[in-house]
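S.K.: Mind looking at a prediction? Sequence and model below.
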Amino acid sequence: MLTGLTEKAEGSMDGYSREKFPHWTDQGGGCNTREAVLKRDGEGVETGSDCYPTKGSWTSPYDGATWTKPADVDIDHVVPLAEAWRSGAASWNQDRRQELANNLKIAQLIAVTDNVNQEKGDKDPAAWMPSRAGYHCQYARMWIWVKDTYGMTADAPEKAALKKALATC
């Protein structure tokens, strides 16, 4: 899949806004996307009638830290929305951007330590990789899967970092 990604310099951030990627949409059963990921990725998760977790624990694959408060956990868009914008999503319609921002069928959304997610920001693998080196292979596979699924481009440094990460598999 990596070799199949079109290599192209990143596009502009002109016109970008997170609001162009509606996220945390209804996933059925009274749960939004964030709540669905918290339920899926946690251990012993119990929820209230509003689907918000009242009990459980979450271990972040990026740093190995475990959390018991949902507020300490972010739902990471593996391919950040701004990165998606620069890699082709600027030309998509809002429905396609909303699909990316809420896609539970591919490895685009995972529960991670909130401050680690904030540190990652909108960086691609050339600028940021999880602190747990043992997770680099999985992270690269997830990143490539998302980019391939949506036909996004990858710049040369990004592809080189992904190739290096795949070599750890």
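M.R.: Yes, it's here. This one's a predicted model, so the numbers in the text were calculated from it and none came from an experiment. Numbering: from 1, shown residues only.
S.K.: mind listing the helices for the chain?
M.R.: Along the chain, the segments classed as helices by DSSP state H run 33-41, 81-86, 94-102, 114-120, 136-150, 156-166.
S.K.: packing partners for the shortest one?
M.R.: Same thing as helix 81-86. In this structure, helix 81-86 packs against helix 94-102, with contacts taken as 3 or more CB pairs under 8 Å, 6 or more residues apart in numbering; DSSP states H and E. (Each C-beta comes from the backbone N, C-alpha and C, glycine too.)
S.K.: how about the nearest residue to the residue of the chain positioned farthest from its centre, chain neighbours excluded?
M.R.: Relative to the average C-alpha location in the chain, and by CA atoms, centre = their mean, no residue lies farther out than Ser49, which sits at 26.9 Å. On the basis of CB to CB, 6 or more residues apart in numbering, the spatially nearest residue to Ser49 that is not a chain neighbour turns out to be Gly30, at 7.5 Å.
S.K.: neighbours of the one you found, just the number please.
M.R.: Using other CB atoms under 10 Å, the number of residues around Gly30 comes to 13.
S.K.: My guess is it contacts Tyr52. True?
M.R.: No: with contacts counted by CB atoms under 8 Å, Gly30 stays clear of Tyr52, the gap being 9.8 Å.
S.K.: Quick one: list the elements packing against the longest strand along the chain.
M.R.: If each strand of the chain is counted by residues according to DSSP state E, the longest one is strand 53-59. On a contact count with 3+ CB pairs under 8 Å, 6+ apart, strand 53-59 meets helix 33-41, strand 43-47, strand 66-67.
S.K.: how about those in TSV, adding mean pLDDT, distance to Pro130 and mean neighbour count?
M.R.: Supplementary listing: the helices and strands packed on strand 53-59 in TSV, determined by pLDDT from 0 to 100; distance: least, CB to CB, whole Å; neighbours: other CB atoms under 10 Å:
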stretch	mean pLDDT	distance to Pro130	mean neighbour count
helix 33-41	97	15	20
strand 43-47	97	20	13
strand 66-67	98	15	15
